[in-house]
Every structure is written in C-alpha cells, then in structure tokens.
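> Below: sequence and its predicted model.
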Amino acid sequence: MSNKPLLVEKKDKILTLVLNRPQKGNALTPEMLIQISETLKQAGIGDTRTVIIRGAGEHAFSSGYDISAIPTNVSEEQRALLDKTSPFDLAMDGIVNFPFPVIAMLNGYAFGGACDLAVACDFRIAVDDIQMGMVPARLGMVYFPEGLQRFIRVIGWQHTKEMFFTARRYKARELKTMGLVDKLVARENLENVTYALAHEIAQNAPLALKGMKQILNLIAADQELDPARQKQANALVQAAINSRDLKEGQAAFLEKRKPNFTGK
C-alpha cells in the first residue's frame, strides 16, 4: 500500500478517502486534514455523488488527532490564526459542507478528533466490535465549540455531556443506542453494506441531493453561537491550550501513565 497519508479512490461517482497511517492507528495529522479539505473541494465541482471515509487496515478508523501535533506554546500570530481556522476545522467544514452525502465507514476504533470526524459525516456505518470515545477531558483540553455542536445535533445534550465529561470508551451496542452510529455490521459485510448505501444515494437526482443537504445544514445552523459567545468560547479553548494541564495530559498519554492535573 502507498505511504501517502491519504489515499483517494474514485469509481462510479463514489469517492473513497482512506486514512492511511496504519502503523500509527491512522492518526490524523495536519497534512492529512488539509488533503481531505482540498480533495473534497475538488470533488465537489466534479461528478462525485457520494463520499466514503475509512481507515486503512482492519483495526482502526483512526486513533484521533496525533497527540504530538497539538500546539501548546503558541505565539500571538499563531493564536490569531487558530482563532480563524485550523487544518482540523478545514477538514470538518469540507465534510459538513460537501454538496453530497458523506459516509463514515467505521472499520475500527475511532477516538477524539476521529470520532468528531465521523460525527461530521452524514452516515456512520460501523463494524460490530467498534469502540469510540471523546478524550479531551483526560488530556486537559477544552473541546472546540463547533465540535460540541456537532455532537449535540447527532446524539443530543445528555449523551454529549456524558461522553465529554467522562472521557469514556463506548462499545458497539451503546453507540448504536445513543445514535452515534447508524448501523452495526459484521466485519465481513461492512464494505458491501457501506458501498450499497453509497450506490443507492448516487443513483438519485444530483440537484435533489445537493438541495436537501444544504437545507438540512441551514436547519442545523439554528444552534450556532453568535459572534460574542463564539469569541468567549474560543478564549476558553485557548486558555486550555496554553495550560500546564494540557502539557501534563500529553506527557501522561505518551508515557502511558495517569495524569496529575493541577487546574493550571
């Protein structure tokens, strides 16, 4: 298999994006996220009618954002840039605003940013031994408001609070019950079921698909923060990024030990 971090395959108006870092659990990197954004931007003006995102191999969709790539000591210039956008935001916006449906084929575990990436998709079809979770509280992070909004839209307020406050790992049946995955499928059937759905969608009228996705996104936008509250939320995120607790959370994760948080 190619050593490119993102593999792109196109067949019958279906575009497949493969997160391709199996030796690292398909962990997301800035390079990979930018490539997702750019690939979707190009595909959106072509004849693609459905996108499938999956992980390379049979163990991981993705372990999440590469923990060593999270910035801790940021300059004022970098902070201003992060307030506007980031590689992760670019990829999420590319998925949410892609003109046609996007399917997450969850062929293995998905944690942190990868769990959010799956939530950004329109459908989530998962192998029946899937595990997913959101771990920012375990790392000392305040999660981004846009991401929290995505979870609220998909699984509701209470499930979102539970996921983020506990940083728990959830197994397949729990994920299906809370609505985080749409279908659970035996591993040997996962690809067939996913591509059958993609083909079913791709056969429909392009303008109808495009129009309905845009309208659904407009309806979902009712829960967006106004500019003043968005600024307040971003300040909380930045405070956590510059905290000692985040550095400790990163170190504990990499050293496979329990973190010693101080609240500073």
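Now that the structure is in, tell me what you want to look at. Numbers count the residues shown, from 1 in each chain.
> and the longest helix for the protein?
helix 145-166 (DSSP state H).
> so what's the most centrally placed residue in the chain up against?
In the chain, the residue lying closest to the centroid (CA atoms, centre = their mean) is Leu117, at 1.2 Å. With contact set as CB atoms under 8 Å, 6 or more residues apart in numbering, Leu117 has these partners: Leu28, Ile53, Ser62, Ala91, Met92, Ile95, Ala104, Ala110. Every C-beta, even on glycine, is put in place using the N, C-alpha and C of the backbone.
> Low-confidence bits of the stretch 1-150 of the chain, can you list those?
Where the stretch 1-150 of the chain drops to pLDDT under 70, the residues are 1, 68-84.
> Show me the strands in it, by range?
Assigned by DSSP state E, counting those that start in this stretch, the stretch 1-150 of the chain shows strands spanning 6-11, 14-19, 50-55, 60-62, 102-106, 109-111, 123-127, 131-133.
> got a markdown table for the contacts of Leu117, with neighbour count and distance to Tyr195 too?
Shown next, in a markdown table, are the contacts of Leu117 (neighbours: other CB atoms under 10 Å; distance: CB to CB, whole Å):
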| residue | neighbour count | distance to Tyr195 |
| --- | --- | --- |
| Leu28 | 28 | 24 |
| Ile53 | 26 | 13 |
| Ser62 | 29 | 20 |
| Ala91 | 26 | 22 |
| Met92 | 23 | 24 |
| Ile95 | 23 | 18 |
| Ala104 | 28 | 13 |
| Ala110 | 31 | 19 |
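> mind giving me a markdown table with those residues and columns for distance to Asp182?
Below are the contacts of Leu117 laid out as a markdown table (distance: CB to CB, whole Å):
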| residue | distance to Asp182 |
| --- | --- |
| Leu28 | 22 |
| Ile53 | 14 |
| Ser62 | 18 |
| Ala91 | 21 |
| Met92 | 19 |
| Ile95 | 16 |
| Ala104 | 9 |
| Ala110 | 14 |
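> Name the nearest of those residues relative to Leu209.
Distance to Leu209 across the contacts of Leu117 (CB to CB) is lowest for Ile95, with 15.3 Å.
> For the nearest residue to the closest one once chain neighbours are set aside, give me its contacts.
Leaving aside its chain neighbours, Ile95 sits nearest to Ala120 (4.4 Å; criterion: CB to CB, 6 or more residues apart in numbering). By CB under 8 Å, 6+ apart, Ala120 lies in contact with Met92, Ile95, Val96, Val102, Arg150.
> Same list (these) but as JSON lines, adding distance to Gln230.
Compiled in JSON lines, the contacts of Ala120 are given as follows (distance: CB to CB, whole Å):
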{"residue": "Met92", "distance to Gln230": "15"}
{"residue": "Ile95", "distance to Gln230": "20"}
{"residue": "Val96", "distance to Gln230": "16"}
{"residue": "Val102", "distance to Gln230": "25"}
{"residue": "Arg150", "distance to Gln230": "15"}
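> Identify the farthest-apart pair in the residues you listed.
Val102 and Arg150 (12.8 Å).
> so Pro99 touches Met212, yeah?
No. Look at Pro99 against Met212 with CB atoms under 8 Å: they stay out of range, at 10.6 Å.
> Nearest to Ala252, out of the strands of the stretch 1-150 of the chain?
strand 109-111 (15.5 Å).
> Parallel or antiparallel, which strands does the closest one pair with?
Here strand 109-111 is paired, per DSSP bridges, with strand 60-62 (parallel), strand 131-133 (parallel).
> Select, out of those strands, the one closest to Glu38.
With CB to CB as the yardstick, what comes closest out of the strands paired with strand 109-111 is strand 60-62 (18.4 Å).
> can you list contacts of the closest one?
Here strand 60-62 has contacts from 19, 22, 25-28, 54-55, 104-111, 113-114, 117-118, using CB under 8 Å, 6+ apart.
> What is the distance between that strand and the centre of its chain?
How far strand 60-62 lies from its chain's middle: 11 Å, per CA atoms, centre = their mean, to the nearest Å.
> How about stretch 130-146?
Put simply, stretch 130-146 sits 11 Å off its chain's centre (CA atoms, centre = their mean).
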